[in-house]
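**Q** Sequence plus the predicted model coming up.
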Amino acid sequence: MAHQTQEPLAQPPGSPAPAPAPGKTSPWIRKHWAGLAACAVAVPLAFLVHMLIPSIPVMTTAVVLGVLSANIPGPSKLVAGPWKAGLGFAGKKLMRAGIVLLGLKLSIVDVLALGWATFVVVVVIVLLAFGGTYLLGKAFRLPGDQPLMIATGFSICGASAIGAMSAVRRSKEEDTVIPVALVTLCGTLAIAVLPLLMGPLGLSPEAFGQWVGASVHDVGQVVATAQTAGASALAIAIVIKLTRVLTLAPMVAIAGVMSRRSSKGGSEQEGLKLPPIVPMFIIGFVALVAVRSIFNLPPELLDAATIVQDIVLAAALFGLGSAVRIRQLFHSKGVSIVMALCSWALIAGLGYAGVLLLQM
């Protein structure tokens, strides 16, 4: 009788994938390792640039390195090929991890120490900047979710806010990466321009810190800008900036409710999962804000968390930057750049008006 080879049993649908055989690399690692390795090279390089030139934030450098890698012949082929999956993972998943860790920087006690008047003024600036930038985006006819992403990033906390909002909106990649590039461009412009205006506008170091905290986008950009006016300006700028960060959770929650309502009918018909009202990483962010506010955490723990957060966010921003194509920024004669500059001027004006109001 001829020997018959027994066919392997088919794996039931929905069952977990079998574990890789000993000595073999998992498919996930084979798919993502090259892009994550590129991040592992880019992040130390971003930190090195910051060490050599402290006025250039790590996050800004990480985005620029990502943009360069995607637009220089040679590396661009790797970005579009073997690096793509790993860079995409960094831009989405690591960004969310960085947002969670951002919660440890924010204490409600520090926010309340500003006083109710300052808190109300900062929140009003955020709302006016968000609404004004969104309307500008619509007026310039930017496509898709770009008006919403730019409004979120410019008014709250830069690329981190864009990442949070894009997750709850499930935005297309091009609707996320262009706003990240624009918020980096304008934040870098603020580092160079705002200190030059401190004297002509007659601002004291404390007032300058208020202006920077209320109008500059990313936390790192705020630090780089405010430190030019001394320690007192830097201290108040950081607290006001983190007060803006505090609005991230409710803004994302509102967007989640609106997205859920707008997509409910279509999702039910197509059998798709509805977007979450509040993503888990935002819940994690709020939880860590509560931990920082309630407990007296050791400075060593906070310093270590800051280092981890900076590394994770730098990798995420390198991944996001690698999805930017320079020609996209100049699409339709650079309309998106012109719109971003208008928004930057709007937010700077609102921040300055807020400073004047607080000095009355």
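**A** Now that the structure is in, tell me what you want to look at.
**Q** So for Asp110, what's the pLDDT?
**A** Asp110 carries a pLDDT score of 87 in this model.
**Q** May I have the residues that are in contact with it?
**A** For Asp110, the contacting residues are Val239, Leu242, by C-beta atoms under 8 Å, 6 or more residues apart in numbering. From N, CA and C alone the C-beta is placed, and that goes for glycine too.
**Q** Where does it fall, secondary structure wise?
**A** helix 108-113 (DSSP states H and E).
**Q** buried sites along the helix or strand that that helix is followed by?
**A** Tracing the chain C-terminally past helix 108-113 and defining elements by DSSP H and E, one meets helix 116-139 next. For helix 116-139, a neighbour-count test (16 or more other C-beta atoms under 10 Å) marks 118-119, 121-122, 125-126, 128-130, 132-134, 136-137 as buried.
**Q** Between the two ends of stretch 223-233, how far is it?
**A** End-to-end span of stretch 223-233 (C-alpha to C-alpha, to the nearest Å): 10 Å.
**Q** And stretch 75-85, by the same measure?
**A** For stretch 75-85, the first-to-last residue distance is 15 Å (C-alpha to C-alpha).
**Q** contacting residues for Ala70?
**A** Ser76, Val79, Ala80, Gly321, Ser322, Ala323, Val324, Arg325.
**Q** Remind me which helix or strand it belongs to.
**A** helix 58-71.
**Q** now swap in Leu142 and tell me
**A** Using DSSP H and E, no helix or strand contains Leu142.
**Q** wait, it sits on Val335?
**A** Yes: shown here, Leu142 and Val335 form a contact pair, counting by C-beta atoms under 8 Å, at 7.1 Å.
**Q** Which of those two has more residues huddled nearby?
**A** Leu142 (23 against 15; other C-beta atoms under 10 Å).
**Q** From Ala151, how far off is that one?
**A** In this view, Leu142 and Ala151 are 10 Å apart by C-beta to C-beta, to the nearest Å.
**Q** Quick check: the gap between Ala42 and Met59.
**A** Applying C-beta to C-beta, the value for Ala42 to Met59 is 12 Å.
**Q** Oh, that last question was meant for Phe208, not what I typed.
**A** From Phe208 to Met59 the distance is 22 Å (C-beta to C-beta).
**Q** And Phe330, by the same measure?
**A** Plainly put, Phe330 is 23 Å away from Met59 if you go by C-beta to C-beta.
**Q** And Val100, by the same measure?
**A** In this view, Val100 and Met59 are 16 Å apart by C-beta to C-beta.
**Q** quick one, which of the two is more surrounded?
**A** The neighbour comparison of Val100 against Met59 (other C-beta under 10 Å) goes to Met59, with 26 against 19.
**Q** For the host helix or strand of Val49, name the packing helices and strands.
**A** For Val49, the host element (DSSP H and E) is helix 27-52. Under the contact criterion of 3 or more C-beta pairs under 8 Å, 6 or more residues apart in numbering; DSSP states H and E, helix 27-52 touches helix 58-71, helix 84-89, helix 299-321.
**Q** same question for that helix, mean pLDDT?
**A** Rounded mean pLDDT across helix 27-52 is 95.
**Q** what is the orientation angle of that helix with helix 58-71?
**A** Helix 27-52 runs at 120 degrees relative to helix 58-71, counting by axes from the mean of the first three to the mean of the last three C-alpha atoms, to 10 degrees.
**Q** Show me what the lengthiest helix in the chain packs onto, helices and strands only.
**A** Longest helix in the chain by number of residues (criterion: DSSP state H): helix 331-359. For helix 331-359, the elements it packs on are helix 116-139, helix 146-152, helix 174-197, helix 205-215, judged by 3+ C-beta pairs under 8 Å, 6+ apart.
**Q** Most neighbours among the contacts of Ala70, which one is it?
**A** Most surrounded of the contacts of Ala70: other C-beta under 10 Å gives Ser322, at 33 neighbours.
**Q** show me what contacts it?
**A** Ser322 neighbours (C-beta under 8 Å, 6+ apart): Gly66, Val67, Ser69, Ala70, Val79, Trp83, Leu87, Gly91.
**Q** How about Ala340?
**A** Contacts of Ala340 (C-beta under 8 Å, 6+ apart): Ile150, Phe154, Leu182, Val183, Leu185, Cys186.
**Q** Quick check, pLDDT for it.
**A** pLDDT, Ala340: 94.
**Q** Please renumber the chain so that the first residue is 55 from this point on.
**A** Fine by me, first position is 55 from now on; the one you just mentioned is Ala394.
**Q** could you measure it against Met203, distance?
**A** 11 Å.
**Q** With Ile365 instead?
**A** 24 Å.
**Q** more neighbours, those two?
**A** Shown here are Ile365 and Met203; by other C-beta under 10 Å, Met203 has more neighbours (29 against 21).
**Q** Just to check, the more buried one is in contact with Pro233?
**A** Yes: at 3.9 Å, Met203 and Pro233 qualify as touching, with contact defined as C-beta under 8 Å.
**Q** Need the residues touching each of the two.
**A** Common neighbours of Met203 and Pro233 (C-beta under 8 Å, 6+ apart) are Ile216.
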